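S.K.: Output the structure for:
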Amino acid sequence: MTSKLIIEKMRADVIKIYLLAMFFLLLSSACALAAWPANAQWIPVYKNYNYLQDPTGDSTGSRNVLSDATHPAAFFYNDGAYIYFRLRLDRNPTGTGGQGLLEAFGWGVLFDTNNNPNDYEWMIMLDGVSKDETVLLYQNTVQGVLGDPSDKPEILAASIPALGNHQVVPADSAINGDQDYFLDFRFPYSTFKTFTSLSDQSPLRMFFGASPSANNLTQNGGDLVGGSDLVSGFSDYVTAAGIPLGPIPSTTGTISFVSDLAGNTIVNTGIAGNTIFVKVTDMDMNVKSGAADTLSVTLSSSSGDAETPTLTETGVNTGIFTGSINSKLLATPIQNNGTVDVKSGDTVTSTYVDARDATNKLNQLRTASITLGVPSLPQLNLIKSTDKTEALPGAEITYSIHYLNVGTADGYSVELSDAVPSYAAYVAGSMRLGNATSTYATAASKTDQAGDDEAEFTNNTVIFRIPVVRKNDGAPNSGSDEGNIFYKVVIQ
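M.R.: Next up is the predicted model:
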């Protein structure tokens, strides 16, 4: 081989090494960015409202899933990017399987998504057997034997590398007298939802296990957690988004528009531009016993806007959730801007997905509607008059201004001002304020100084500031929807 060829080969090898180094650097960076849940974030899996349990001696080694009364056998978590699973194992599963990442076994979870415990529809399996160790999503379309967790799924829907998507960490237990280990694995949540067609609030049950195979769970050479068949081994219900559902019997959720965050009064009409309040009642979503839970609903307007406000439980164990969102008068709606954009007369519909109702029906849509009318506005009518039609120089004239709110809303901080005519001079101390039937003689006197009462004289102008003028009450010459102001001038 010539020296030139040797140099070119060396250069090519250097480039390959560089590219491989860059690949592993990027892979390491990606794994570092996708952080695993902290220990406190993992959610224990429950069965019959107790920690999921599995006997300590029904298998051996890293296939042996184990637990005790204070240490659950399995956990899960969902951060929106991944759905995570954790198994408590009797031995460290790191080994010399397909790629040398794990021992040559499979660890997985089966999902019941159709509310039938005799079969399962989906499986996520961590494969340590195959040459390329992966995390696999399988679909089970035909259940060969009812209740059999070892039934092999027919369709491989998707897979991702095990490298970067699993981890082994020491557990907080030593149940058989030596250190236990957690085996964690995860799968992209968006991919999971795409293939399964589940929503965030879709209810499902889980069945965990370990196996000598990478495409099914079996007790022979493995470990079925919580039961030898699906019916006895499925966990309590959780949502696809990773929220444990409340105890059976489940309740039927309701949704309504209400007058305030207290949620006491149901309403079906409102005013465009005002705040909208929504209420959901569903004890299934009361998950945390020591803190208020949250849930999301969808609001859509007939103008085409759609928003997803978050509702918060009114107490730690009420099962009642309320929330608010502002509405805004806007000719062209803007999606997902945090306000419901409407036109006057629009109907706004709220939708809640009831994950499981009282008859165990799944994913039932609950809706309520509100019609938003023309905004209420104050509208002030003014009538100005004098006590004389003619006056000579030196004579006094009394001006009166009658105000009346003919609108459908109260007016606040109403300011009435009137400039003194150029041919007259203001009579100091002559301003007065009265009700609808007041005369100058019966109205209350006001000073000329600013800030000490409702009136002032400044820049040759009389100014009255009335804190509130109520909406029209339909009764002439009475009530706080109208009144009179007075002042005097002298003709010059």
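S.K.: most distant residue from the middle of this protein?
M.R.: Taking C-alpha atoms, centre = their mean, the residue of the chain most remote from its mean C-alpha position is Leu392, at 74.2 Å.
S.K.: Got the phi and psi for it?
M.R.: Note on Leu392: backbone dihedrals following degrees, to the nearest 10 are phi -90, psi 160.
S.K.: That one is in contact with Gln492, isn't it?
M.R.: No - the pair Leu392 / Gln492 is not scored as a contact, 10.8 Å apart, by C-beta atoms under 8 Å. Heads up, the C-betas are built off the backbone N, CA and C, glycines and all.
S.K.: Below-threshold pLDDT in the chain: ranges please.
M.R.: The model of the chain has pLDDT under 70 over residues 1-34, 246-249, 289.
S.K.: Residues in a beta bridge with the spatially most central residue of it, which ones?
M.R.: Among the residues of the chain, the one closest to the centroid is Thr310, at 3.3 Å (C-alpha atoms, centre = their mean). Beta bridges link Thr310 to Ser296 when assigned by DSSP bridges.
S.K.: Next up, the contacts around it.
M.R.: Contact analysis of Thr310 by C-beta atoms under 8 Å, 6 or more residues apart in numbering lists 294-296, 323.
S.K.: One more: Lys488?
M.R.: 396-399, 426-427, 430.
S.K.: Distance check, it against Phe464.
M.R.: According to C-beta to C-beta, to the nearest Å, Lys488 and Phe464 sit 14 Å apart.
S.K.: And for Leu224?
M.R.: Applying C-beta to C-beta to Leu224 and Phe464 gives a distance of 84 Å.
S.K.: Name the residue in those two with the higher neighbour count.
M.R.: Leu224 (26 against 23; other C-beta atoms under 10 Å).
S.K.: you'd agree that one is up against Gly233?
M.R.: Yes - counting by C-beta under 8 Å, Leu224 does reach Gly233; the two are 6.2 Å apart.
S.K.: So for the two, which residues contact both of them?
M.R.: 149, 207.
S.K.: just the strands in the stretch 201-350 of the chain please.
M.R.: Per DSSP state E, counting those that start in this stretch, the stretch 201-350 of the chain carries strands over the ranges 203-211, 223-224, 238-239, 254-258, 269-271, 275-281, 294-296, 298-301, 306-307, 310-313, 320-329, 339-342, 347-356.
S.K.: CSV for these, including distance to Arg86?
M.R.: What follows is the strands of the stretch 201-350 of the chain, written out as CSV (distance: least, C-beta to C-beta, whole Å):
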stretch, distance to Arg86
strand 203-211, 10
strand 223-224, 15
strand 238-239, 14
strand 254-258, 34
strand 269-271, 47
strand 275-281, 31
strand 294-296, 24
strand 298-301, 32
strand 306-307, 35
strand 310-313, 27
strand 320-329, 29
strand 339-342, 40
strand 347-356, 23
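S.K.: In the protein, where's the longest strand?
M.R.: Longest strand in the chain by number of residues, with DSSP state E as the criterion: strand 362-373.
S.K.: counting contacts, what elements does that one pack onto?
M.R.: Strand 362-373 is packed against strand 254-258, strand 269-271, strand 275-281, strand 347-356, with contacts defined by 3 or more C-beta pairs under 8 Å, 6 or more residues apart in numbering; DSSP states H and E.
S.K.: ok now the last one, how far from the chain's centre?
M.R.: Just to be clear, that refers to strand 347-356. Strand 347-356 sits 13 Å away from the centroid of its parent chain (C-alpha atoms, centre = their mean, to the nearest Å).
S.K.: Break this structure down into its domains, please.
M.R.: Per automatic domain parsing, the domain ranges recorded for the chain read 34-239, 254-373, 380-491.
S.K.: So which of these is nearest Leu245?
M.R.: Comparing the domains of the chain by their distance to Leu245 (C-beta to C-beta), the top pick is domain 34-239, with 4.2 Å.
S.K.: chain center to that closest one, what's the gap?
M.R.: 28 Å.
S.K.: For the residue farthest from the centre of the chain, which residues are in contact?
M.R.: Residues in contact with Leu392, defined by C-beta under 8 Å, 6+ apart, are Ile491.
S.K.: rewinding a little: can you give me the buried ones in the longest strand of the chain?
M.R.: The neighbour-count check on strand 362-373 (16 or more other C-beta atoms under 10 Å) flags 362-363, 366, 368, 370-372 as buried.
S.K.: Adjacent strands (with direction) for that strand?
M.R.: Within its sheet, strand 362-373 is paired with strand 269-271 (parallel), strand 347-356 (antiparallel), according to DSSP bridges.
S.K.: Quick one: closest of those to Leu146.
M.R.: strand 347-356 (22.1 Å).
S.K.: Can I get that closest one as PDB, trimmed to CA atoms?
M.R.: The C-alpha trace of strand 347-356 is given here as PDB (Å, rounded to 0.1, in the frame of the first residue of the first chain):
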ATOM      1  CA  THR A 347     -72.600  30.800  22.500                       C
ATOM      2  CA  VAL A 348     -69.700  29.400  24.500                       C
ATOM      3  CA  THR A 349     -69.600  25.700  25.100                       C
ATOM      4  CA  SER A 350     -67.600  24.000  27.800                       C
ATOM      5  CA  THR A 351     -66.600  20.300  27.400                       C
ATOM      6  CA  TYR A 352     -65.300  17.900  30.100                       C
ATOM      7  CA  VAL A 353     -64.200  14.300  29.400                       C
ATOM      8  CA  ASP A 354     -65.600  12.200  32.200                       C
ATOM      9  CA  ALA A 355     -63.000   9.400  32.300                       C
ATOM     10  CA  ARG A 356     -65.300   6.900  34.000                       C
END
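S.K.: how many neighbours does Ile334 have?
M.R.: Counted with other C-beta under 10 Å, residues neighbouring Ile334 total 13.
S.K.: Nearest residue to it in space, please, no chain neighbours.
M.R.: Closest residue in space to Ile334, ignoring its immediate chain neighbours: Asp341 at 5.8 Å, by C-beta to C-beta, 6 or more residues apart in numbering.
S.K.: what's the answer for Ser376, then?
M.R.: Ala409 is the one closest to Ser376 (C-beta to C-beta, 6+ apart), at 3.7 Å.
S.K.: give the contact list for that neighbour.
M.R.: Applying C-beta under 8 Å, 6+ apart, we find Ala409 in contact with 375-378, 471.
S.K.: With respect to Lys152, which of those is nearest?
M.R.: Pro375 (63.1 Å).
S.K.: Does the closest one touch Gly270 like I think?
M.R.: No - contact criterion C-beta under 8 Å: Pro375 and Gly270 do not qualify, at 10.0 Å.
S.K.: more crowded one of the two?
M.R.: Gly270 (19 against 13).
S.K.: Isn't that one up against Gly373?
M.R.: Yes - counting by C-beta under 8 Å, Gly373 is a contact partner of Gly270 at 7.3 Å.
S.K.: and which of the contacts of Lys488 is nearest to Val287?
M.R.: Tyr399 (68.3 Å).
S.K.: how close does the closest one sit to Arg432?
M.R.: 11 Å.
S.K.: Between those two, which is the more surrounded one?
M.R.: Under the criterion of other C-beta under 10 Å, the comparison of Tyr399 against Arg432 puts Arg432 first, with 23 against 20.
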